[in-house]
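**Q** structural data only, the sequence is not supplied:
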């Protein structure tokens, strides 16, 4: 049997046909056209799903379910996206709309949760029961996997790890609170800190690398400049890692997952991120003699996490545990 | 059938015989005598458990299991307390020791987790699937109940909610980190803030209520002084509630439990705690249109939570869900 996984993004809709081991056998994507009404977007989505199956030579009778990972707040039970600003969704009945064209069970969840499910079962945290995936992008996305399942609270709105205050009364966050982890430890937080430091230090390599055009600073810039020996950039990176470590320490003290998976743009720094971060996180953990602690790992599934995670929504619980234990993507 | 629940404290060992509805039918306690070796403490514990059953006229064949809630880091699988400073425990085989005298299944978990299980199933959060119990005592204890079971991570050391940093680089915590929630929002945090404010304001009622003896300030003092119109105390309470609300907001954004139960000494302030706190927490929550949020409730089981929670460790999962749905302690 196969599973359809749909990653609904603000820019593209990506759809994959996934086998029982959680591997994508065929995939396609189209522009979302998010200025359109939800029913048109969902109709296109259903048509593309049918096309993906057809191109793979797989009939609907061979497909167990369709899973959709969407931004926004889901009502998982009803298969509805309650609210998403970016797509302009308000109580959009994703399941009901798709089922007009696809006579299959349809599961709907948040896209960050789907990515965490994929990394947690088949990616960097494959084989463990509890994992937390932290996506360091423009914001900080989070997903919590407990016993091989997404945990998102009674209203499916939990795991908002980026909106954990780590500096009460601190930097203003886009969510309205002050001092959220996201304000400091997201790619945006890093870029803002790098811009401020470059502006203050026009003699720094950080400043020179972008020829003084601060808008050209990306999350990569301070890491590159620090690597090249720039003390200003090294200071920015060090402070950034301090904030990142505080939040990761909190997640460990709270969840004690066996693995924390780091994804998103910043995670592309790889070992030069992980090495100093491990040392800083070790200092943040409420340790007790003789008790093991969580490991930090880099995400391995990349963009495919969205499709695979959405497809995994339809896997029966015992199958999820199985693919996690015997999945192919692990070390 | 019955269940024995044992609450092992630094001062007393309290043991109760609990029925299938989670109600204590008979209980006793003895001093812990924590200066003694673990095997002597555990032998006394077993003897008292036998006595409790005998006095209640219940034979061992009518008892399903024995549950022990102990301070410290448990190895739940092995029934061992890995580490507890207060009792001087290092890898104490609680299960194996008790089974020398009690031929019954023995379950061991952390005492804060047991209290959270009792409140989560039969107390203030009875009837809901996910709850978090926060105990505002000398420190901040926490327990997380997911799907009617204790969640404490892969190493049983999670749910250390008090050791979540909410003010990076802030007040020194006893755990070694800086800015932990516990440093601000525990009873001790409140008392320290009240002492500092009283010292600075000798004309305040806060100062006068203890005749200038700052060591006499308890968690109740600033609430009482504020109630009587003292602006200095009102300021202390307001700032305390701000910090408390930041951490509770984090817990909501992370867990979205249906109910957060507040226990411990500070929770005895009841409605005069809950009313202003609800308003502050509402501002801390990462809300999305149309999505319901967690409710704050006061703990209802008091000291019995330890015994009941320990006994509940032995309840089969489906029975836990049942007593939660149909338990007698709820509104």
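**A** Arrived safely, thanks for sending. These numbers were taken from a predicted model, which means no experiment stands behind them.

**Q** find the least confident helix or strand in chain A, judged by mean pLDDT.
**A** Scoring the helices and strands of chain A by mean pLDDT, DSSP states H and E places helix A:317-326 at the bottom, with a mean of 88.

**Q** what's that one packed up against?
**A** When contacts are defined as 3 or more Cβ pairs under 8 Å, 6 or more residues apart in numbering or on different chains; DSSP states H and E, helix A:317-326 sits against helix A:111-121. C-betas here are computed from N, CA, C, even on glycine.

**Q** buried residues, stretch A:228-244. List them.
**A** Buried positions in stretch A:228-244, judged by neighbour count with 16 or more other Cβ atoms under 10 Å in any protein chain shown: A:230, A:232-237, A:240-244.

**Q** got it, and stretch A:302-320?
**A** Within stretch A:302-320, the residues scored as buried using 16+ other Cβ under 10 Å are A:304-315, A:319-320.

**Q** among the residues you listed, which are located in helices?
**A** Judged by DSSP state H, the subset of those located in helices is A:304-312, A:319-320.

**Q** between those residues, which is nearest chain B?
**A** Lowest distance from chain B to those (Cβ to the nearest Cβ) belongs to residue A:320, with 15.3 Å.

**Q** from residue B:185, how far out is that closest one?
**A** Using Cβ to Cβ, to the nearest Å, residue A:320 is found at 37 Å from residue B:185.

**Q** which of the buried residues of stretch A:228-244 fall in helices?
**A** Within these, residues falling in helices by DSSP H are A:232-237, A:240-244.

**Q** next, format the buried residues of stretch A:228-244 as CSV and append distance to residue B:281 and pLDDT.
**A** Putting the buried residues of stretch A:228-244 into CSV (distance: Cβ to Cβ, whole Å; pLDDT from 0 to 100) gives the following:
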residue, distance to residue B:281, pLDDT
A:230, 43, 98
A:232, 40, 98
A:233, 39, 98
A:234, 39, 98
A:235, 36, 98
A:236, 34, 98
A:237, 35, 98
A:240, 29, 98
A:241, 31, 98
A:242, 28, 97
A:243, 24, 98
A:244, 26, 98
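
**Q** which of these are close to chain B?
**A** With Cβ under 8 Å from any Cβ of the partner chain as the criterion, the buried residues of stretch A:228-244 include A:242-243 near chain B.

**Q** thinking again about what came up before, could you redo the buried residues of stretch A:302-320 as JSON lines and give each row distance to residue B:220?
**A** Shown next, in JSON lines, are the buried residues of stretch A:302-320 (distance: Cβ to Cβ, whole Å):
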{"residue": "A:304", "distance to residue B:220": "57"}
{"residue": "A:305", "distance to residue B:220": "51"}
{"residue": "A:306", "distance to residue B:220": "52"}
{"residue": "A:307", "distance to residue B:220": "57"}
{"residue": "A:308", "distance to residue B:220": "55"}
{"residue": "A:309", "distance to residue B:220": "50"}
{"residue": "A:310", "distance to residue B:220": "53"}
{"residue": "A:311", "distance to residue B:220": "56"}
{"residue": "A:312", "distance to residue B:220": "51"}
{"residue": "A:313", "distance to residue B:220": "50"}
{"residue": "A:314", "distance to residue B:220": "54"}
{"residue": "A:315", "distance to residue B:220": "53"}
{"residue": "A:319", "distance to residue B:220": "54"}
{"residue": "A:320", "distance to residue B:220": "50"}
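
**Q** what count of nearby residues applies to residue A:218?
**A** For residue A:218, the count of nearby residues is 15 (other Cβ atoms under 10 Å in any protein chain shown).

**Q** I figured it hits residue A:190, correct?
**A** No: contact criterion Cβ atoms under 8 Å: residue A:218 and residue A:190 do not qualify, at 9.1 Å.

**Q** what's around residue A:86, how many residues?
**A** Neighbour count of residue A:86, defined by other Cβ under 10 Å: 12.

**Q** and if you look at residue A:187?
**A** Using other Cβ under 10 Å, residue A:187 has 21 neighbouring residues.

**Q** and it, how far is that from chain B?
**A** In this view, residue A:187 and chain B are 19 Å apart by Cβ to the nearest Cβ, to the nearest Å.

**Q** which residue does the stretch 51-200 of chain A bring closest to chain B?
**A** residue A:153 (2.5 Å).

**Q** was I right about residue A:277 contacting residue A:240?
**A** No: the criterion here is Cβ under 8 Å, and residue A:277 misses it with residue A:240 at 9.8 Å.

**Q** look up phi and psi at the residue of chain A most remote from its centre.
**A** Largest separation from the mean C-alpha position in chain A: residue A:203, at 36.5 Å (Cα atoms, centre = their mean). Dihedral pair for residue A:203: phi -90, psi -10, per degrees, to the nearest 10.

**Q** look up the pLDDT of it for me, please.
**A** Listed pLDDT for residue A:203 reads 97.

**Q** over to the one 3 residues further on?
**A** Residue A:206 carries a pLDDT score of 97 in this model.

**Q** all helices of the stretch 51-200 of chain A, in order?
**A** Using DSSP state H, counting those that start in this stretch, the helices of the stretch 51-200 of chain A run over A:94-98, A:111-121, A:181-185, A:187-200.

**Q** sorry, back to before: which one of the ones in helices among the buried residues of stretch A:302-320 is nearest residue A:71?
**A** residue A:306 (10.4 Å; Cβ to Cβ).

**Q** the closest one against residue A:111, yeah?
**A** Yes: using Cβ under 8 Å, residue A:306 is in contact with residue A:111, at 6.0 Å.

**Q** what's the overlap in contacts for those two?
**A** Residues touching both residue A:306 and residue A:111 by Cβ atoms under 8 Å, 6 or more residues apart in numbering or on different chains: A:7, A:9, A:69.

**Q** and the gap between the residue farthest from the centre of chain A and residue B:105?
**A** According to Cβ to Cβ, residue A:203 stands 70 Å off from residue B:105.

**Q** how about residue A:209?
**A** Distance from residue A:209 to residue B:105, by Cβ to Cβ: 64 Å.

**Q** so those two - more neighbours on which side?
**A** The neighbour comparison of residue A:209 against residue B:105 (other Cβ under 10 Å) goes to residue A:209, with 20 against 15.

**Q** is residue A:93 in contact with residue A:75, as I believe?
**A** No: Residue A:93 is not in contact with residue A:75 according to Cβ under 8 Å; the separation is 9.4 Å.

**Q** okay, the two: which has more neighbours?
**A** The neighbour comparison of residue A:93 against residue A:75 (other Cβ under 10 Å) goes to residue A:75, with 20 against 17.

**Q** what ranges do the strands span in chain A?
**A** Counting by DSSP state E, chain A has strands at residues A:2-8, A:12-18, A:24-31, A:63-70, A:73-75, A:80-84, A:89-92, A:106-110, A:131-136, A:140-146, A:149-151, A:259-263, A:295-298.

**Q** and the closest residue to residue A:244 other than its chain neighbours, how many neighbours does it have?
**A** Leaving aside its sequence neighbours, residue A:244 sits nearest to residue A:185 (Cβ to Cβ, 6 or more residues apart in numbering or on different chains; 4.4 Å). By other Cβ under 10 Å, 27 other residues sit near residue A:185.

**Q** how close does residue A:185 sit to residue A:113?
**A** Distance, residue A:185 to residue A:113, by Cβ to Cβ: 20 Å.

**Q** without its sequence neighbours, what residue ends up closest to residue A:204?
**A** With sequence-adjacent residues excluded and distances taken as Cβ to Cβ, 6+ apart, residue A:204 is closest to residue A:232, at 3.8 Å.

**Q** I'd say that neighbour and residue A:202 touch.
**A** No: at 10.0 Å, residue A:232 does not count as touching residue A:202 under the criterion of Cβ under 8 Å.

**Q** burial count for the residue nearest to residue A:120 when sequence neighbours are not counted?
**A** Take residue A:120 and drop its neighbours on the chain: the residue closest to it by Cβ to Cβ, 6+ apart is residue A:145, 3.5 Å away. Counted with other Cβ under 10 Å, residues neighbouring residue A:145 total 30.

**Q** beta partners of residue A:145?
**A** Note on residue A:145: beta-bridge partners by DSSP bridges are residue A:131, residue A:150.

**Q** before I go, just wanted to say thanks for your time.
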